[in-house]
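Trainee: Provide a 3D model corresponding to the input given below.
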Amino acid sequence: MTFDTDKLELPKHRVTMNAINRFYYRTNITVGDAINRHTIESLGGSKFVDDGKIRFIASDHKSQPALDALNEKRNLLKLVSLIASEYWIFGEVFPYTDLENYPDVGAMTIINPDQIIVKKTFGGPDLLLLRTEILLRSGELDDNTNTPQPNPKSISHLKMLGSPYDIRGTSIIVSAYEDLERLRSGYFAKEIRQNDGDQAELDIMENVIREKLMFGDEATRQQKYSEFRIQLVEWFEKIMNQVPELAGSTIRFE
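Mentor: Residues are numbered from 1 along each chain as shown. Predicted coordinates for the structure are as follows:
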């Protein structure tokens, strides 16, 4: 997708924004490094999630073996790492955990955000609906709500809010869309002109993007990490409380 950098038109549709976020995460080193750093530091500051910095703690010693068995069977550490990565790329993540027939454990995964419709309800939790395909009609997403829906207890929504009234999360990458497109255009122009004198300006643009992606200062960054961890713990406690044997279990960051 190409933007007119003189009169930038930012994408309005969730699926388009998700595609752009994926593109920049996979192709731009500055974006990839920033997202990976957020993922690592928000989970305790280590790139190795199995080094003891993240621990799954049962409500008592009697219940701990059951929680350890679930962790070993379903690799909860890997799931938590995937949740964090998706959260920082897209600004939201939809974990799905099926413990209805515990100890037989169903799917424990994350759902593609492109397949989710979020509807606000008054006086209750947001309604999370699945759809099998995304259709663009008259500039709006088609709500295909005839798809069989998951148990509301099994699906959760962790989101980074741009405003208190938002119902969908906003990726930090969005704040740098304009700069990223101008940088891409700048590298293209430099390649055509083959002028090394442009590199200093491109480096400045990279630094501006990096500053935006890292929230500008350490205090803000740590606050964002804290907000994510709170949501992560709430998600984990919610799904564990569905099983009497695991009720009261939580995540602890060392």
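
Trainee: any idea how far the spatially closest residue to residue 87 that is not a sequence neighbour lies from residue 57?
Mentor: Using Cβ to Cβ, 6 or more residues apart in numbering and skipping the chain neighbours, the partner closest in space to residue 87 is residue 93 (4.5 Å). Any C-beta I mention is one placed from the backbone N, CA and C, and that applies to glycine too. Distance from residue 93 to residue 57, counting by Cβ to Cβ, to the nearest Å: 22 Å.

Trainee: Of those two, which one has the most company?
Mentor: residue 93 (26 against 13; other Cβ atoms under 10 Å).

Trainee: Toward the C-terminus, what is the element adjacent to the helix or strand encompassing the more buried one?
Mentor: Per DSSP states H and E, residue 93 falls inside strand 92-97. Once the chain leaves strand 92-97, the next helix or strand it forms, by DSSP H and E, is strand 108-111.

Trainee: Please name the strands paired to that next one in the sheet, noting orientation.
Mentor: Strand pairing for strand 108-111, using DSSP bridges, gives strand 92-97 (antiparallel).

Trainee: Shouldn't residue 173 be within a helix?
Mentor: Yes - assessed with DSSP: H, G, I helix; E, B strand; the rest coil, residue 173 lies in a helix.

Trainee: Let me know whether the residue nearest to residue 87 touches residue 112 as I believe.
Mentor: No - the pair residue 93 / residue 112 is not scored as a contact, 10.4 Å apart, by Cβ atoms under 8 Å.

Trainee: Find the residue at the geometric middle of the chain.
Mentor: residue 87 (1.3 Å; Cα atoms, centre = their mean).

Trainee: Please report how far that residue lies from residue 214.
Mentor: Residue 87 is 16 Å from residue 214, by Cβ to Cβ.

Trainee: Over to residue 170?
Mentor: Counting by Cβ to Cβ - residue 170 and residue 214 are separated by 16 Å.

Trainee: go on, residue 151?
Mentor: 38 Å.

Trainee: higher neighbour count, these two?
Mentor: residue 214 (18 against 13).

Trainee: Residue 168 contacts residue 90, doesn't it?
Mentor: No - using Cβ under 8 Å, residue 168 is not in contact with residue 90; the gap is 9.3 Å.

Trainee: and the two? which has more neighbours close in?
Mentor: residue 90 (26 against 18).

Trainee: show me what contacts residue 127?
Mentor: Remark: with contacts taken as Cβ atoms under 8 Å, 6 or more residues apart in numbering, residue 127 is in contact with 118, 119, 120, 121.

Trainee: Bridged to the closest residue to the last one other than its chain neighbours, which residues?
Mentor: Think residue 121. If you skip the residues right next to it in sequence, residue 121 has residue 127 as its closest partner in space, 5.5 Å away by Cβ to Cβ, 6+ apart. Residue 127 forms beta bridges with residue 119, as assigned by DSSP bridges.
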